[in-house]
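J.: Got a predicted structure plus its sequence, pasted below:
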Amino acid sequence: MQRYLLIITAICFLAGVGAYAQTEQSGYILTKLGRDTIAVEKFSADAHGLQGTSVLRSPRTIVREYSATFNADGNLQNFHVTYQPYGGATVNEREFLYSNDSVHVTVKQDTSTTRFAIGTHERPFPLFIDLFGGWQIALQRAISANIKEFSLLAGKRILHYRIESKSPGTLELVERDHGFGPFHVEVGKDGGLENFDMTETTDKFLAERTSSIDIMTMAKEFAARDRAGNALGVLSPRDTIRAEINGAHLLLDYGRPAARGRKIFGGVVPWDSVWRTGANAATQLISDRSIQFDSAVVPPGTYSLFTVPGAKGWLLIINRQHGQWGTQYDQSMDAARLPLELNHSEDLIERFTFEIEPRGTHGVLRFKWEHTEASIPFTVR
């Protein structure tokens, strides 16, 4: 998922939930990916509406201002959010207007304007995946009304979740018919958000309530780092490796996540599960000649690469599907499953890296991250 994609989120309220009496409150949220701060946010809310400011660091510093208004019954009437570089003019603006049977969305990006409507009899509360003022209100309302399910509107698709209480103050938001989740949430006695754990999603963020933050001072500091050439940048930049071996032209296209102080294998990347072997869109291997890995001959073409990391051994999966998001794995499209050779690296490899090493008429496909190097030899036919 690209970092800037909006996850338009709709929390579905049962009859009477809109009348929940919202007391005046405020909060500060710190969002991190491993050791790196991704965003900081402040918000305030009362019975009439919600206001917030968020500073997003990736790929460069962006200030987001958002606001919402509620009607006399506590139902959402509109939601508005703007993006602007620190000290600059608005570059993106989104407006959500609500009626009894739809949400009308207007998106302004530079000089272009896009409008669309989403049919729903609910009053969806729009959120970005890393804006938490709306989560605060939605969770308090759900807890107050003892709601056990809610839905998220991602783009124009409704995602269904179930609320499970694991222990006092701890909730798990479990996906019912899709793959984005679960979320692990800790709430205070007042129902206010304390921690929001997204490490089981592709975003991997951790958000937590913190003490007062001077949002604009931090925005100024982050913007100064940008100007000095130290911007946080794209979280998992795309890279391409090219090689020519025995007349074959090989290309490998993949996303490069960073460790950021986290335990990677057996942690961020769980054991014994299919891993996209990179980040974001599926890793692609393209060859104009047949390649033989062990006893498996892979004809010329474009393939996706996946792996199954294990504490006792790894498998490389060469899959005929390509061009898809990295979590969309179809086992029926497998062309080959092959064991990988593993080696330990004493040095920390911070950013995930692929290599194609020519060896005359042969080659080695290798990737490395954290303290692990995995490889497999191949022959061009």
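T.: Okay, I see it.

J.: quick one: strands adjacent to whichever strand or helix holds N78?
T.: Using DSSP states H and E, N78 falls within strand 76-85. When pairing is defined by DSSP bridges, strand 76-85 lines up against strand 62-70 (antiparallel), strand 92-98 (antiparallel).

J.: need these in JSON lines with mean neighbour count, distance to V174 and mean pLDDT, can you?
T.: Quick note: C-beta positions are derived from backbone N, CA and C, even for glycine. JSON lines is the format used below for the strands paired with strand 76-85 (neighbours: other Cβ atoms under 10 Å; distance: least, Cβ to Cβ, whole Å; pLDDT from 0 to 100):
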{"stretch": "strand 62-70", "mean neighbour count": "19", "distance to V174": "26", "mean pLDDT": "96"}
{"stretch": "strand 92-98", "mean neighbour count": "18", "distance to V174": "26", "mean pLDDT": "94"}
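
J.: Now do the contacts for N78.
T.: 68-69, 95-98 (Cβ atoms under 8 Å, 6 or more residues apart in numbering).

J.: now it, which residues is it bridged with?
T.: T69, L97.

J.: how close does it get to F128?
T.: 16 Å (Cβ to Cβ, to the nearest Å).

J.: repeat for A89
T.: If you measure A89 against F128 using Cβ to Cβ, the figure is 20 Å.

J.: Buried residues of the helix or strand of the chain with the lowest mean pLDDT, list them for me.
T.: Each helix and strand of the chain was given a mean pLDDT (mean pLDDT, DSSP states H and E); the minimum falls on strand 149-154 at a mean of 73. Burial within strand 149-154, assessed by neighbour count using 16 or more other Cβ atoms under 10 Å, is assigned to 150-154.

J.: all strands of the stretch 151-300 of the chain, in order?
T.: 157-167, 170-175, 183-187, 193-197, 206-209, 238-245, 248-255, 283-287, 291-293, 296-298 (DSSP state E, counting those that start in this stretch).

J.: what's the least confident stretch among those strands?
T.: If you rank those by mean pLDDT, strand 157-167 sits at the bottom with a mean of 81.

J.: Need the residue closest to the centroid of the protein.
T.: D203 (2.6 Å; Cα atoms, centre = their mean).

J.: pretty sure that residue is touching I129, no?
T.: Yes: between D203 and I129 there is a contact under Cβ atoms under 8 Å: 6.0 Å.

J.: coming back round to it: using TSV, lay out the strands paired with strand 76-85 together with distance to E244.
T.: Converted to TSV, the strands paired with strand 76-85 look like this (distance: least, Cβ to Cβ, whole Å):
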stretch	distance to E244
strand 62-70	41
strand 92-98	42
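
J.: Relative to L173, which of those strands is closest?
T.: Set against L173 and scored by Cβ to Cβ, those come closest in strand 62-70, at 20.8 Å.

J.: related to what we said a few turns ago, so what's the residue nearest to the centre of the chain scoring on pLDDT?
T.: For D203, pLDDT reads 89.

J.: and what of Y4?
T.: 35.

J.: where along this protein do the helices fall?
T.: Remark: helices assigned in the chain by DSSP state H are 133-145, 215-227.

J.: Provide a list of residues in contact with the nearest residue to T170 once chain neighbours are set aside.
T.: Residue nearest to T170 in three dimensions, not counting chain neighbours: E186, with 5.6 Å by Cβ to Cβ, 6 or more residues apart in numbering. By Cβ under 8 Å, 6+ apart, E186 lies in contact with 169-171, 193-196.

J.: which among those end up buried?
T.: So, of those, 171, 193, 196 end up buried under the neighbour-count rule (16+ other Cβ under 10 Å).

J.: From these, pick the one nearest F378.
T.: Distances from F378 to the buried ones among the contacts of E186, taken by Cβ to Cβ, are shortest for F196, at 43.5 Å.

J.: Look up how far Q77 lies from the closest one.
T.: F196 is 26 Å from Q77, by Cβ to Cβ.

J.: Okay, now the unreliable bits of the stretch 1-150 of the chain?
T.: For the stretch 1-150 of the chain, the stretches flagged by pLDDT under 70 are 1-23, 127.

J.: again, only this time at 50
T.: 1-21 (pLDDT under 50).

J.: Using CSV, write out every CA atom in the strand holding N78.
T.: What follows is strand 76-85 as a C-alpha-only set of coordinates in CSV (Å, rounded to 0.1, in the frame of the first residue of the first chain):
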residue,chain,number,x,y,z
LEU,A,76,-21.8,13.3,11.2
GLN,A,77,-22.7,16.1,8.8
ASN,A,78,-19.4,16.8,7.0
PHE,A,79,-15.7,16.0,7.2
HIS,A,80,-12.9,18.2,5.7
VAL,A,81,-9.2,17.6,5.4
THR,A,82,-6.4,19.5,3.7
TYR,A,83,-2.7,18.8,2.9
GLN,A,84,-0.1,21.4,2.7
PRO,A,85,3.7,21.4,2.9
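
J.: Show me the one of the strands paired with strand 76-85 that comes nearest H344.
T.: strand 62-70 (39.7 Å).

J.: how far does the closest one sit from the chain's center?
T.: Taking the mean of its C-alpha atoms, strand 62-70 sits 21 Å from the chain's own mean (Cα atoms, centre = their mean, to the nearest Å).

J.: That's all I had, so thanks and see you.
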